[in-house]
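# Test case, fold it:
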Amino acid sequence: MSAHAASPAALIDPGWLFMVAGIMVLSATVLIPAKDDLDQARWLRNRGLVIERERTDRLARYREYAEAVEGEAPSLVMSLAASQLHQIPADRKPIPGLTPAADAPASVFPALEPEPLTLTERRRPDSALYRWTTNERARMWLIAGGAFLVLIGLLPPGRRRG
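Residues are numbered from 1 along each chain as shown. Sure, this is the predicted structure:
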C-alpha cells in the first residue's frame with residue numbers, strides 16, 4: 001500500500017462539504033417557498049371556515065326568529081308589541097320609573113346579529129433565509145450559488161505532485 005492511500009486525509013474528500021452545502025442551499029430554495037404557499041393556503045382555508053361559521057350562526061339566528069314569528073310565540077308577540085307598537089297587554093302595567101323612549105330603535109335585527117367577526121392577519125417568519133428564498137431576485141442568486149457549490153463538490157480531487 002502506498003503512503004498516499006493510507007493517510008487519513010486522503011480518505012475524506014473536502015468536496016463533500018461543498019456538495020452538502022450546495023444541496024442544502026438548493027433544498028431550502030425549493031422547499032421554503034413551497035411551505036410558504038402551503039401556509040398561505042391553510043390560512044385562507046381557516047379564514048374561510050371562520051367566515052362560514054359566522055354566516056351559519058347568523059342564518060341559524062334569523063331562522064330561529066322567523067320560526068318564532070310564524071309560530072306566534074306569546075313572549076315574542078308581547079315583546080314585538082312593546083318594542084314596535086309601544087303597547088302592552090291590558091292586564092299588565094308598565095314598569096314604574098321607566099319612561100318609554102320614543103327615539104329608541106324599533107328594529108330587532110341588531111339583537112339577532114352575532115358578535116363582530118375578528119380575523120387574524122397571517123404572520124410570516126422573520127428570518128434572512130425566508131426573505132432570501134421568497135424574494136425572486138435573491139432566490140435566483142441562491143440557486144446559482146447552490147449549483148456552483150454542487151459543481152465545486154463534484155470536481156475531482158487534485159493530484160499531489162512529487
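
# which helix is the longest one in this protein?
In the chain, ranked by residue count with DSSP state H as the criterion, the top helix is helix 15-70.

# what is the mean pLDDT for the helix or strand following it?
Per DSSP states H and E, the first helix or strand lying C-terminal to helix 15-70 is helix 74-84. For helix 74-84, mean pLDDT rounds to 74.

# The residue positioned nearest the centre of the chain and residue 122, how far apart?
What sits nearest the mean C-alpha location of the chain, by C-alpha atoms, centre = their mean, is residue 43, with 2.4 Å. Distance, residue 43 to residue 122, by C-beta to C-beta, to the nearest Å: 5 Å. The way it works is simple: take the backbone N, C-alpha and C, and place the C-beta from them, glycine included.

# tell me the contacts of residue 124?
Neighbouring residues of residue 124 by C-beta atoms under 8 Å, 6 or more residues apart in numbering: 36, 130.

# Check what contacts stretch 28-36 and list those residues.
For stretch 28-36, the surrounding residues in contact (C-beta under 8 Å, 6+ apart) are 124, 129, 130, 133, 134, 139, 142, 143, 146.

# residues near the fifth one, how many?
What that stands for is residue 134. 16 (other C-beta atoms under 10 Å).

# And for residue 32?
A total of 20 residues lie near residue 32 under the criterion other C-beta under 10 Å.

# Buried ones from the contacts of stretch 28-36, can you make that a PyMOL selection?
In PyMOL syntax, the buried subset of the contacts of stretch 28-36 is picked out as below (16 or more other C-beta atoms under 10 Å):
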select buried, resi 130+133+134+139+142+146
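
# what's the closest of the contacts of stretch 28-36 to residue 117?
Taking C-beta to C-beta as the measure, residue 117 lies nearest residue 124 of the contacts of stretch 28-36, at 22.4 Å.

# which SSE is that closest one in?
Residue 124 belongs to no helix or strand, assigned by DSSP H and E.

# Relative to residue 64, how far out is it?
41 Å.

# Provide a list of residues in contact with the residue nearest to the centre of the chain.
By C-beta under 8 Å, 6+ apart, the residues touching residue 43 are residue 122.

# let's see 10 Å
Counting by C-beta atoms under 10 Å, 6 or more residues apart in numbering, residue 43 touches 120, 121, 122, 123.

# Which of those residues fall within strands?
Secondary structure defined by DSSP state E assigns none of these to strands.
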